[in-house]
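In: Here you go, sequence then predicted model.
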2 protein chains.
Amino acid sequence: MLVIAKPLTTIDISSSSSDGSKVRVAYQGLPGAYSEDAALKAYPKCETVPCDNFESAFKAVELWLVDKAVLPIENSVAGSIHRNYELLLRHRLHIVGEVQLRVNHCLLGLPGVRKEELKVVVSHPQALDQCEKMLSDLGVVKIGARDTADAAQTVASNSARDTGAIASSRAAKVYGLDILTERIQDDVENITRFLVLARDPIIPGTDKPHKTSIVFSLEEGPGVLFKALAVFAMRDISLSKIESCPLKQRPLRVVDDSNQGNSKYFDYLFYIDIEASMAEPRAQYALGQLQEFARFLRVLGCYPMDTVL
Amino acid sequence: MLVIAKPLTTIDISSSSSDGSKVRVAYQGLPGAYSEDAALKAYPKCETVPCDNFESAFKAVELWLVDKAVLPIENSVAGSIHRNYELLLRHRLHIVGEVQLRVNHCLLGLPGVRKEELKVVVSHPQALDQCEKMLSDLGVVKIGARDTADAAQTVASNSARDTGAIASSRAAKVYGLDILTERIQDDVENITRFLVLARDPIIPGTDKPHKTSIVFSLEEGPGVLFKALAVFAMRDISLSKIESCPLKQRPLRVVDDSNQGNSKYFDYLFYIDIEASMAEPRAQYALGQLQEFARFLRVLGCYPMDTVL
């Protein structure tokens, strides 16, 4: 049996209020974080709810404190975040949407400061890495922060004129800082993909392009993944993502219908996004066939593609 | 033609001095970083050379300042580091080895401090995330740092008795700190895989298990990846890793023989590790066949597997 936690009887809140004016969306980080940008892209008038960590954002949805959560899942420069895939497996939430967000790192400083005055720049280590070229040109000392919004807040609250932060343009507004330079990342195209999570799945349509995210495990051995991909190839279903995650004998807590929160051992898990809607028979047949030889299979969600960057 | 920068006439330095007593190995970070642990696992008596960033570590090898560099490429919890794969494509170094390192995060404090006295804990944001459970039990404020060794150094140099750091046990020795608790990560098995890079490839053998790391790009369309994997499946070659990296119309600087440092545009790149040595005819045939329909193909290196954790 495919593991879908509830029958598809509910409809996504976003369908009834398209601007999301009554939706509360949890995200990890402080106000001004890129995750908050993602929440606002998905639901422009939503109320955003900051959470200290990803697990809290999941719990906020499960306990009906909020309606949705946004979760960064991969970045074109930094890669996928396996830990967040694991959270998806440990919890019972459904992916109901995706957000592709172009990351435009800005150099922020106190009002009136010129970038030449900076001696120190604070940010998340990944943001510091992604702006390596500009920072070495400036010749500043790099200091790590928990996230980019935290860095902006630090600069604002310390009132240090020689300290800058790398964060989003919205973080500048939130903390009353000046944008000294924009688009300072080495790779012009730096895109983060977020998932929108909810308690109930949406009824997938075929009116617009959909993606379906699945995770599965196979017996070990040569050719097993090849067989698994055959079920999609023979039905002309494209993959937009594939990733293996080695878990050599590591227990993984997964939630499924037969096996509430038990630990399972896998050698490998595969994360795949297919460019098909579960409303299409070819997708249903493909997953039915994959299930014949997968040791474990779960549909994480089926949702409209975000094609607007 | 398969792109191998130089004929396989040289032999790895590690083969001539098995403890690496004359080898200089560059790594990113400060003394006490996990990358330095990885260098010492590969070459127990090597001289380790800290670098400010990954690019500098690559350059240090290219300019003959050091013999090797170690580069973290994936972590079982955090995922792969796409940026470091891109560095491999932009430079001409070869993978000559891998190191699997079990990450054991320790809570460090000034000598004599008890963990109950801590009010603040400093570390790389990923390390803070990975130790979420213990930190919320302690009820401390979390502060970001550029890396774990930097966090340990900060605690040591600030002499703050209420501040702890999450770092390796070796960082405790390097900075004269006490280990207050060991193995504090939420996931017991937290493994980082590093690559060892050198100017020249090694001559792959068949005496022990080898891996070969390749990167390639395909025309877009359903079934193309399936065809690519067929070349391995039909020869019973197992994959130990597969990952897609979307690069929609993003230029990528790659170095190959025909096309020195030019920019190319790809829709997708695939990173695959096969469990086979390039000395085996089946691996040579498989790559020859893959080349027939790959738009781009490069062998990043063939090297003995690290099977000791």
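Out: Looks like it came in fine. Numbering: from 1, shown residues only, chains lettered A, B, ... in the order given.

In: Only C-alpha atoms from now on, for both contacts and neighbour counts.
Out: Will do.

In: Contact partners for A:G79?
Out: B:G79, B:S80, B:I81, B:H82, B:R83, B:C245 (C-alpha atoms under 8 Å, 6 or more residues apart in numbering or on different chains).

In: cutoff 6 Å now
Out: By C-alpha atoms under 6 Å, 6 or more residues apart in numbering or on different chains, A:G79 lies in contact with B:S80, B:I81, B:H82.

In: Kindly provide the distance from it to B:L30.
Out: When distance is defined by C-alpha to C-alpha, to the nearest Å, A:G79 is 24 Å away from B:L30.

In: now swap in A:I73 and tell me
Out: Per C-alpha to C-alpha, A:I73 is found 29 Å from B:L30.

In: So these two - more neighbours on which side?
Out: Ranked by neighbour count (other C-alpha atoms under 10 Å in any protein chain shown), A:I73 and B:L30 place B:L30 first, with 21 against 17.

In: can you pull the contacts of the more buried one?
Out: So B:L30 contacts B:P50, B:A149 (C-alpha under 6 Å, 6+ apart).

In: Got phi/psi on it?
Out: B:L30 adopts backbone torsions of phi -100, psi 160, taken as degrees, to the nearest 10.

In: A:G301 reaches A:E98, doesn't it?
Out: No. In this structure A:G301 lies outside contact range of A:E98 using C-alpha atoms under 6 Å: 10.3 Å.

In: Secondary structure class of A:I242, three-state.
Out: What DSSP: H, G, I helix; E, B strand; the rest coil gives for A:I242 is strand.

In: Tally up the residues packed near the nearest residue to it once chain neighbours are set aside, please.
Out: Computed as C-alpha to C-alpha, 6 or more residues apart in numbering or on different chains, the closest residue to A:I242 that is not its neighbour in sequence is A:I272, at 4.5 Å. As a burial measure, A:I272 scores 21 neighbours (other C-alpha under 10 Å).

In: same check, this time on A:P281
Out: By other C-alpha under 10 Å, 11 other residues sit near A:P281.

In: Would you list the phi and psi of it?
Out: Taking degrees, to the nearest 10, you get phi -50, psi -40 for the backbone angles of A:P281.

In: May I have the predicted confidence score for it?
Out: What the model reports for A:P281 is a pLDDT of 96.

In: now the one 10 residues further on
Out: Reported pLDDT at A:Q291 in the predicted model: 95.

In: Quick check: which element contains it?
Out: helix A:281-293 (DSSP states H and E).

In: For that helix, list every residue counted as buried.
Out: A:R282, A:A283, A:A286, A:L287, A:L290, A:Q291 (16 or more other C-alpha atoms under 10 Å in any protein chain shown).

In: which parts of chain A sit against chain B?
Out: Contacts of chain A with chain B, taken as C-alpha under 6 Å from any C-alpha of the partner chain, map to A:77-83, A:125, A:144-146, A:222-223, A:226, A:229, A:233, A:236-238, A:241-244.

In: Among those, which are located in helices?
Out: A:H82, A:R83, A:P125, A:F226, A:L229, A:A233 (DSSP state H).

In: Skip the chain neighbours and tell me the closest residue to the second one.
Out: Spelled out, it's A:R83. Closest to A:R83 by C-alpha to C-alpha, 6+ apart is B:V77, at 5.2 Å.

In: Around that neighbour, count how many other residues there are.
Out: A count of nearby residues for B:V77, using other C-alpha under 10 Å, gives 22.

In: Quick check: can you name the pairing partners of the helix or strand where A:A165 lies and their directions?
Out: If you go by DSSP H and E, A:A165 is part of strand A:163-167. In the sheet, strand A:163-167 lines up against strand A:106-109 (antiparallel), strand A:120-123 (parallel) (DSSP bridges).
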